[in-house]
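J.: Below is the sequence, then the predicted model.
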Amino acid sequence: MGQAKKIPQRQCIGCRAMKNKKDLIRILKTDSEGILIDVTGKKNGRGAYICPNADCLAKAIASKGLERSFKMPIDKSVYENLKKELDRIEAG
């Protein structure tokens, strides 16, 4: 009998729920590009995961989830850019 394939789980920085990695959006911190959304999930850098909805982003902003994940202060313009990108992703 073969073993069942393990599905990677990650915690959303907004709602703090454990979900499948494929169901979440990866937010990435890189040295060169700063903080951005990694749609491929394969870019190099420190990553944090969030559910693909505005509610979880609002919770992450309120609880300072990104600051905690990246161990650095996050500028408000970064949050605005993330909101715009998340809206574009939600719209499809």
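T.: Received, thanks.
J.: Tell me where the protein has strands.
T.: Assigned by DSSP state E, the chain shows strands spanning 9-11, 18-20, 25-30, 34-38, 46-50.
J.: looking at the ones you listed, which one has the lowest mean pLDDT?
T.: Among these, strand 34-38 carries the lowest mean pLDDT, a mean of 86.
J.: Just send the strands of the chain back as CSV, with distance to residue 90 too.
T.: Placement of C-beta: from N, CA and C, glycine included. As requested, those are exported to CSV (distance: least, Cβ to Cβ, whole Å):
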stretch, distance to residue 90
strand 9-11, 19
strand 18-20, 17
strand 25-30, 10
strand 34-38, 12
strand 46-50, 12
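J.: so which of the ones you listed comes closest to residue 65?
T.: Nearest to residue 65 among the strands of the chain is strand 46-50 (7.2 Å), distances taken as Cβ to Cβ.
J.: Which strands or helices does that closest one pack on?
T.: Counting contacts by 3 or more Cβ pairs under 8 Å, 6 or more residues apart in numbering; DSSP states H and E, strand 46-50 is packed against strand 25-30, helix 54-62, helix 65-70.
J.: what's the distance between it and the middle of its chain?
T.: 4 Å (Cα atoms, centre = their mean, to the nearest Å).
J.: Nice, that's everything, thank you.
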